[in-house]
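>>> got a predicted structure plus its sequence, pasted below:
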Amino acid sequence: QLVESGGGLVQPGGSLRLSCSASGFTMDFYDIGWFRQAPGQEREGLACVSHSNSITYAESLKGRFTISKDSANNTLYLQMNSLQFEDTAVYYCGVEFGPFPTHLCSLTRLDLDEWGKGTQVTVST
């Protein structure tokens, strides 16, 4: 199970840190990542950490977001800085259990093994 938290209302230029708590499996053994879906748009991949700890980011983020893991707490994070209106979306974490290599870190496919229910991020004045 994946449970996201940390979303909310933030002004343009602000920051948020999202969390994704995993249970029932050990995050370090699998490919896991962050995705988002804005109103009326398709879900898009943002960042992932592979089972070998390789990190991939979507080029569109331009260095504003940072993905990280706390292995001791089995939690994935997404630090989001310089937030803009267009970052408004529901943010999801997803996981692929294998076999390796999986397609999760291509950030282009959405047929993952498991998804959380998402957390809403709204960037507004």
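Structure received. Owing to the predicted nature of the structure, the values given are computational and were not obtained by experimental measurement.
>>> for the residue nearest to the spatial centre of the chain, give its distance to S23.
The C-alpha lying nearest the average C-alpha coordinate of the chain belongs to W34 (CA atoms, centre = their mean; 1.6 Å). Per CB to CB, to the nearest Å, W34 is found 18 Å from S23. Any C-beta I mention is one placed from the backbone N, CA and C, and that applies to glycine too.
>>> next one: T66
For T66 relative to S23 (CB to CB), the value is 24 Å.
>>> ditto for Q120
Relative to S23, Q120 is positioned 22 Å away (CB to CB).
>>> between the two, point out the one with more neighbours.
Set Q120 next to S23 and count neighbours by other CB atoms under 10 Å: Q120 wins out with 12 against 9.
>>> run through who's touching the helix or strand harbouring the more buried one.
Element membership for Q120, per DSSP states H and E: strand 119-123. By CB atoms under 8 Å, 6 or more residues apart in numbering, the residues outside strand 119-123 that reach it are 4-12, 14, 16, 18, 36, 80, 83-91.
>>> partner strands of that strand and their direction?
The strands beside strand 119-123 in its sheet (DSSP bridges) come out as strand 8-10 (parallel), strand 89-96 (antiparallel).
>>> which one of these lies nearest to G40?
When these are ranked by distance to G40, counting by CB to CB, first place goes to strand 89-96 at 10.6 Å.
>>> that older thread, any chance of the strands paired with strand 119-123 in CSV, with mean neighbour count too?
Below are the strands paired with strand 119-123 laid out as CSV (neighbours: other CB atoms under 10 Å):
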stretch, mean neighbour count
strand 8-10, 14
strand 89-96, 23
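>>> in PyMOL, select just the buried ones from the contacts of strand 119-123.
Buried residues among these (16 or more other CB atoms under 10 Å), as a PyMOL selection:
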select buried, resi 4+6+7+10+16+18+36+80+83+87+88+89+90+91
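>>> S106 and G118, how far apart?
Taking CB to CB, one finds S106 at 21 Å from G118.
>>> please say which of the two ends up with more neighbours.
G118 (19 against 12).
>>> which residues touch the more buried one?
G118 makes contacts with 4, 37, 90-92, as judged by CB under 8 Å, 6+ apart.
>>> what ranges does the protein have for its strands?
Along the chain, the stretches classed as strands by DSSP state E are 2-5, 8-10, 16-22, 31-37, 44-49, 55-57, 65-70, 75-80, 89-96, 114-115, 119-123.
>>> many thanks, we can stop here.
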